[in-house]
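**Q** With the sequence up front, the predicted model follows.
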Amino acid sequence: MDNIYISVIEALIFASDDPLPAKEITNAIREIDNSDNEISEEDIEEAVVELNAKYDQNGNAFTILKIAHGYIFATKPDHAKYVGFLSTEKSKRRLSQAALETLAIIAYKQPITKPELEMIRGVNSDYTLNTLLEKNLVTIEGRAETVGRPLLYITTDEFLKYFGLHKISDLPKPREIEEIMKDEDFLEQKRRIMMNQVEENLENEIENNTEIESQPEQEDAGTTE
């Protein structure tokens, strides 16, 4: 493949905020060149391999990952704990423990109904499911062929993007999860996240108390002189 097209592929992936499918890359090249360019999706794969080899050779901090059925730039795993330290401050994107637990069950058991989910968790999951639906991490696939025809929930491409996966089968196996849970870097990152959450809760509590104290006291309607 010509170097010009390798650079074009690199530029297209770099400019995309979301994972860019190989088909969209080939379509863009053909549209701009106004020709029936023979670049295939396999050529895109080879170009990405070549680019990543160049990044490794140059000692770059980034690489091109294949996730959520497309390609996207990302920092290398060696830098994850440093980047993770900054990302812990983005509390709005953080998922609660209940949401993570619910999401994990859906990911490994999908498609799954709400009654089945609640049977595993042992608690009502209405609020958590709504949160995951709003964040587009799960979606409704259809209805189960059982009594009452309950809704079936599955994960989305947004879920793959959130956790840096190419396909759902890339999820770690239970034994791998046990090893991850014992990893020192993971434990340190978890500690930071928990401390940030505690600090955030304290700040919210202080703000709420301040608002209550600043409200003017209302006179009783039945008070007489």
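**A** Happy to help now that I have it.

**Q** Test for you: state the pLDDT assigned to the most centrally placed residue in the chain.
**A** With distances taken as Cα atoms, centre = their mean, Tyr162 lies nearest the centre of the chain, 1.1 Å away. Tyr162 carries a pLDDT value of 84.

**Q** Leu103 versus that one, what's the distance?
**A** Tyr162 sits 9 Å away from Leu103, going by Cβ to Cβ, to the nearest Å. C-beta here means a position set from N, CA and C on the backbone, and glycine is covered the same way.

**Q** same deal with Ser125?
**A** For Ser125, the distance to Leu103 - Cβ to Cβ - is 11 Å.

**Q** I'd like to know how many residues surround Ala80.
**A** The local packing of Ala80 (other Cβ atoms under 10 Å) involves 15 other residues.

**Q** Tell me which residues of the helix or strand it falls within come out buried.
**A** Using DSSP states H and E, Ala80 maps to helix 80-87. Of the residues in helix 80-87, Gly84 count as buried by neighbour count, 16 or more other Cβ atoms under 10 Å.

**Q** Could you do stretch 72-82 as well?
**A** Neighbour count says stretch 72-82 has 72-73 buried, by 16+ other Cβ under 10 Å.

**Q** now do stretch 142-151
**A** 144, 151.

**Q** same question, stretch 57-72
**A** 64-68, 70-72.

**Q** what does stretch 123-131 give?
**A** 125, 128-129, 131.

**Q** Identify those among the residues you listed that sit within helices.
**A** If you go by DSSP state H, the buried residues of stretch 123-131 have 128-129, 131 in helices.

**Q** which one of those residues is nearest Ile168?
**A** Leu129 (18.6 Å; Cβ to Cβ).

**Q** wait, isn't that closest one in contact with Ile140?
**A** No: using Cβ atoms under 8 Å, Leu129 makes no contact with Ile140, being 9.8 Å away.

**Q** any residues in contact with both of those two?
**A** With contacts defined as Cβ atoms under 8 Å, 6 or more residues apart in numbering, the residues shared by Leu129 and Ile140 are Tyr153.

**Q** Can you tell me which helix or strand of the protein has the lowest average pLDDT?
**A** helix 174-182 (a mean of 56; mean pLDDT, DSSP states H and E).

**Q** my read is Asp17 is in a helix, agree?
**A** No: according to DSSP: H, G, I helix; E, B strand; the rest coil, Asp17 belongs to no helix; its state is coil.

**Q** can you map out the helices along this structure?
**A** Going by DSSP H, the chain shows helices at 3-15, 22-33, 41-58, 80-87, 97-109, 114-121, 126-134, 157-163, 174-182, 184-214.

**Q** Give the buried residues for the shortest one.
**A** Just to be clear, that refers to helix 157-163. Of the residues in helix 157-163, those buried (16+ other Cβ under 10 Å) are 157, 159-163.

**Q** ok, now the second one?
**A** In terms of neighbour count (16+ other Cβ under 10 Å), helix 22-33 has its buried residues at 22, 25-26, 29.

**Q** now it: mean pLDDT?
**A** The pLDDT scores in helix 22-33 average 90.

**Q** Can I get that helix in PDB, CA atoms only?
**A** C-alpha atoms of helix 22-33 as PDB (Å, rounded to 0.1, in the frame of the first residue of the first chain):
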ATOM      1  CA  ALA A  22     -12.700   0.000   8.300                       C
ATOM      2  CA  LYS A  23     -15.700   0.300   5.900                       C
ATOM      3  CA  GLU A  24     -16.000   4.000   6.600                       C
ATOM      4  CA  ILE A  25     -12.300   4.500   6.000                       C
ATOM      5  CA  THR A  26     -12.400   2.800   2.600                       C
ATOM      6  CA  ASN A  27     -15.500   4.700   1.600                       C
ATOM      7  CA  ALA A  28     -13.900   8.000   2.500                       C
ATOM      8  CA  ILE A  29     -10.800   7.200   0.400                       C
ATOM      9  CA  ARG A  30     -12.900   6.200  -2.600                       C
ATOM     10  CA  GLU A  31     -15.200   9.200  -2.400                       C
ATOM     11  CA  ILE A  32     -12.300  11.700  -2.200                       C
ATOM     12  CA  ASP A  33     -10.300  10.000  -4.900                       C
END
